[in-house]
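Trainee: Curious how this folds, go ahead:
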Amino acid sequence: MGKMKGLKCRECGKAYPAEPLHVCEFCFGPLEVDYDYEAIAATISRDRIVAGPKSLWRYIDLLPVEKEATVGLHGGFTPMIRATRLGQVLGLDALYLKNDTVNHPTLSFKDRVVAVALTRAKEFGFDTVACASTGNLANSVAAHAAQAGFKCFVFIPSDLESAKVLGNLIYHPTVVAVEGTYDDVNRLCSEISGEYRWAFVNINIRPYYAEGSKTLAYETAEQLGWRAPDQVVVPIASGSLLTKIWKGLKEFERVGLITGVKTKVNGAQAAGCSPVATAFAEGRDFIKPVKPKTLAKSLAIGNPADGFYALKTARETGGVIEMVTDDEIVAGIHLLAQTEGVFAETAGGVTIAVLKKLVAQGAIARRDLTVAYITGHGLKTQEAVAGTLGEAVYIEPSLDKFQRRFRLKET
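Mentor: As a prediction, the model looks like this:
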C-alpha cells in the first residue's frame with residue numbers, strides 16, 4: 001500500500017483508490033489524499049529531511065507520489081527572511097517573510113503544486129496537462145510541461161496581466177484566453193476535462209496538486225528551527241493554500257517532527273473579491289459567490305473551491321480573515337519593497353496590507369512569531385504600481401549638472 005492508502009471524501013469519508021479523481025460520487029464532496037501516518041512516522045526524521053535535496057522534494061515522505069520526483073526538481077526551499085525593518089514599521093518584534101517570489105522556475109508558489117501534480121501525472125501515464133488559471137498557475141504548468149515533455153493547454157481569463165500572458169507563451173503551450181472571469185474559465189475546463197484524457201492539475205488531479213502547498217508549512221517549521229509560528233497571514237484565492245499550510249503544520253506535529261502547534265491562521269483577501277472575508281465578518285458558515293473587481297487578479301476567484309474550509313480553519317485556529325482595498329494593496333506592495341527589498345505581486349500587497357490591519361486591530365501582538373507568505377513576484381503585475389512610483393531623474397553627463405540638480409556640494 002505504501003504511504004498513500006488512497007483518497008477519501010472530506011465530507012462523508014468514503015474511500016477511493018489513488019486515481020485521477022476529485023469529487024465524491026455519493027455526496028459530491030472534494031476528495032483528498034489519505035496517508036498512512038504511522039508508516040510515515042516510522043521512517044521520517046529531521047536528519048532524513050536535512051540530508052535530502054534543497055528543494056520541496058526533501059519532504060517527499062509526506063507528498064502524494066509513489067516513486068521518486070521527476071518534475072520540478074529545483075522548486076521550493078525558498079528563503080525565510082527576518083523582516084526587521086518592516087517589523088519596526090508595523091510594531092512587530094518577530095516578523096518573517098516566506099519569500100516565494102524567487103521560486104523556481106516561474107517566481108511563484110505555484111511551482112510547488114505543479115511539481116507535485118505533474119510528477120503524479122507522469123505516474124498516471126498522462127501525455128497532456130492543462131489548467132484553469134488566474135495567471136501564476138498557467139505560467140508554472142507551461143514551464144514544467146516544457147521541461148517534462150508534456151503537451152500543454154492553459155486556460156486564462158482574457159483580461160490577464162500582460163506579463164503573465166507572455167509568461168505562458170514563452171514556453172509554447174496552447175494558451176486559451178476565455179472571455180469571462182476565472183470562474184467562467186474553471187467551468188469550461190470542468191466540461192473539457194470530462195471529454196479528454198488530460199491531466200487538469202486543478203480539476204481531476206487536484207487532490208495531489210493541492211498537497212504541494214503543504215511544503216510551505218514544512219519549510220516554515222524547519223527554517224524557524226523546527227517550531228510552528230504563533231501567527232501566519234496567507235492570501236486567499238481558492239482557499240486551498242491557507243488550508244494546506246495548516247494541514248502541513250499539523251502533519252509535522254503528527255509524525256513527531258515538531259510539537260505544540262498553536263498557530264493562528266489568518267487569511268487575506270482583496271475587497272473587490274472577498275467572499276471568504278465577507279462570510280467571516282458576517283459570521284456565516286457558507287460562501288456567497290461574487291463577481292471579482294480588483295487589481296489583485298491572482299486572487300480573483302469569486303466562487304472559491306476551498307472557501308468553506310479556509311473559513312473553518314481560520315475560526316478553529318483563532319485566526320481572522322480580513323480584506324483590503326486596491327489602494328491599500330498598492331500601498332502594501334510599496335511598503336514591502338521599501339523596507340525589505342522584496343517586490344511582490346498584488347497578492348503580496350494584499351498579504352502585507354492585511355498584516356498591517358491585523359496588527360492595528362490587536363489581532364497580532366508585538367511579540368508573536370509571525371510569518372507572512374509572499375507568493376509571487378511583482379514583475380508579473382507591474383500594471384498595479386505603474387503611475388504610482390514617480391519618474392527617473394534625467395541629467396546630462398556632467399558632474400556640475402549632477403551637483404546642481406541635487407544641490408550637492410563637494411566634500
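
Trainee: residue contacts, the most centrally placed residue in the chain?
Mentor: Centroid-nearest residue in the chain: F109, 4.8 Å away (criterion: C-alpha atoms, centre = their mean). By C-beta atoms under 8 Å, 6 or more residues apart in numbering, the residues touching F109 are D100, N103, N136, S213, L216, L241, Y373, T375, G376. Every C-beta, even on glycine, is put in place using the N, C-alpha and C of the backbone.

Trainee: Return the members of the residues you listed classed as buried.
Mentor: When those are checked for burial by 16 or more other C-beta atoms under 10 Å, the buried set is D100, N103, N136, S213, L216, L241, Y373, T375, G376.

Trainee: Can you tell me which of those lies closest to S55?
Mentor: Nearest to S55 among the buried ones among the contacts of F109 is N103, at 10.2 Å by C-beta to C-beta.

Trainee: Check which helix or strand V233 maps to.
Mentor: According to DSSP states H and E, V233 maps onto strand 231-235.

Trainee: outside of that strand, which residues touch it?
Mentor: Outside of strand 231-235, the residues within contact range by C-beta under 8 Å, 6+ apart are 220, 241-242, 245, 263-269, 299, 319, 347-348, 350-351, 354-355, 358, 364, 368-373, 375.

Trainee: swap the cut-off to 7 Å and go again
Mentor: 241-242, 245, 263-268, 299, 347, 350-351, 354-355, 358, 364, 368, 370-373, 375 (C-beta atoms under 7 Å, 6 or more residues apart in numbering).

Trainee: cool, stretch 382-397 as well?
Mentor: Counting by C-beta under 7 Å, 6+ apart, E161, A163, L295, V330, I333, T346, K401, F402, R405 sit against stretch 382-397.

Trainee: Which of the residues you listed has the largest number of neighbours?
Mentor: T346 (29 neighbours; other C-beta atoms under 10 Å).

Trainee: Just list the residues touching that one, thanks.
Mentor: Going by C-beta under 7 Å, 6+ apart, the list of residues near T346 reads L295, A296, K297, S298, I329, T381, A384.

Trainee: Generate CSV for those residues, with secondary structure as supplementary columns.
Mentor: Below are those laid out as CSV (DSSP: H, G, I helix; E, B strand; the rest coil):
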residue, secondary structure
L295, coil
A296, coil
K297, helix
S298, helix
I329, helix
T381, helix
A384, helix
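
Trainee: Just give me the closest of those residues to G13.
Mentor: S298 (32.9 Å).

Trainee: which parts of stretch 323-343 are buried?
Mentor: 323-324, 326, 328-333, 335-337, 339-340, 342-343.

Trainee: can you tell me which of these are in helices?
Mentor: If you go by DSSP state H, these have D326, E328, I329, V330, A331, G332, I333, L335, L336, A337, T339, E340 in helices.

Trainee: mean confidence for stretch 393-401?
Mentor: The average pLDDT for stretch 393-401 rounds to 94.

Trainee: and it, how far apart are its ends?
Mentor: Chord length of stretch 393-401, first to last residue, is 12 Å (C-alpha to C-alpha, to the nearest Å).

Trainee: now the strands: where do they sit in the stretch 301-411 of the chain?
Mentor: Remark: strands assigned in the stretch 301-411 of the chain by DSSP state E, counting those that start in this stretch are 321-324, 370-374.

Trainee: Can you lay out these as JSON lines showing mean pLDDT and distance to E32?
Mentor: Listed next are the strands of the stretch 301-411 of the chain as JSON lines, based on pLDDT from 0 to 100; distance: least, C-beta to C-beta, whole Å:
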{"stretch": "strand 321-324", "mean pLDDT": "98", "distance to E32": "21"}
{"stretch": "strand 370-374", "mean pLDDT": "98", "distance to E32": "21"}
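
Trainee: Let's have those strands in CSV, adding distance to P20.
Mentor: Converted to CSV, the strands of the stretch 301-411 of the chain look like this (distance: least, C-beta to C-beta, whole Å):
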stretch, distance to P20
strand 321-324, 32
strand 370-374, 29
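
Trainee: does the nearest residue to L95 once chain neighbours are set aside sit in a helix, a strand or a coil?
Mentor: Among residues not flanking L95 along the chain, G87 sits closest, at 3.8 Å (C-beta to C-beta, 6 or more residues apart in numbering). Put simply, G87 is helix when judged by three-state DSSP.
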